[in-house]
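Trainee: dropping a prediction and its sequence here:
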Amino acid sequence: MGVRFMLDASAGLPLSVFVMAPSCVPATHMETNGATLDAETLRALQGEPRVLGLAEVMNFPGVIQGHHDVLRKLEAFTHQVVDGHCPGVHGPALNAYVAAGIGSDHECTTVAEVEAKLRLGMYVFLREATNARNLRDLLPAVTAANHRRVCFCTNDRQPGDLLDEGSIDMMVRVAVEEGVDPLLALRIATFHPVDIFVD
């Protein structure tokens, strides 16, 4: 399994490497690939101290509709972090998704979507990827009252962009350029993610 390979390859490095167990391989029932990660396979990763939880629950229709196989994966990680992936989900469907125990999302594209997810207690990762450049549009959603549940992420950022523009450091610079207090931008980049992933 790729997760075990990453854990083994990063063991003993002069930096701490943590991973999340992938929630959906394959991503949909219409996809074929070399493996299927079911709840039992994922449960075997729970004892690993560097596996922090379940990553990116992309099958939001399966969560919302209560599909047994998806709910079993969520149950396996009840006492760990469960990351979300629910673009455009709102109203009762979003309530169901959050009630299933999913605590974050990085797919927001509008201020209203950020605000709705924050109201339900989710953490929202503001994204600046290679194709999905949402940071500047979403920064107006960050306020003194809600910033504790906001983080930065670079989901799907290509190596060229990382080399030319940077990663989270670039997001801090952009946030400050857009008027975010520098100390708050640093908290969003550092302390807030630690608050999620480190007990």
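Mentor: Alright, I've got the coordinates.

Trainee: what mean pLDDT does the longest strand seen in the chain get?
Mentor: If you go by DSSP state E, the chain has its longest strand at strand 51-57. The average pLDDT within strand 51-57 is 94.

Trainee: just the element for Arg127, please.
Mentor: Using DSSP states H and E, Arg127 sits within strand 123-127.

Trainee: so which bits of whatever helix or strand comes next after that strand are buried?
Mentor: Sequence order places helix 135-138 as the next helix or strand after strand 123-127, per DSSP H and E. For helix 135-138, a neighbour-count test (16 or more other C-beta atoms under 10 Å) marks Leu135, Leu138 as buried. (C-beta placed from N, C-alpha, C; glycine too.)

Trainee: who's in contact with helix 135-138?
Mentor: Here helix 135-138 makes contact (C-beta atoms under 8 Å, 6 or more residues apart in numbering) with 108-111, 114, 126-128, 152, 171, 174-175, 178.

Trainee: out of these, who's nearest Val81?
Mentor: Within these, the smallest distance to Val81 is 16.8 Å, found for Phe152 (C-beta to C-beta).

Trainee: which ones are touching the spatially closest residue to the closest one that is not a sequence neighbour?
Mentor: Once flanking residues are discounted, Phe152 sits nearest to Met171: 4.4 Å by C-beta to C-beta, 6 or more residues apart in numbering. Met171 sits next to Leu126, Glu128, Leu135, Phe152, Thr154, Ala185, Ala189 when contact means C-beta under 8 Å, 6+ apart.

Trainee: what's the spacing between the second one and Ala189?
Mentor: If I follow you right, that is Glu128. From Glu128 over to Ala189 the distance is 12 Å, taken as C-beta to C-beta, to the nearest Å.

Trainee: for the first one, same thing?
Mentor: For Leu126, the distance to Ala189 (C-beta to C-beta) stands at 10 Å.

Trainee: can you check the fourth one too?
Mentor: To Ala189, Phe152 is 5 Å away according to C-beta to C-beta.

Trainee: between these two, which one's more packed in?
Mentor: Phe152 (24 against 18; other C-beta atoms under 10 Å).

Trainee: so that one: helix, strand or coil?
Mentor: Here Phe152 is strand, with the state taken from DSSP: H, G, I helix; E, B strand; the rest coil.
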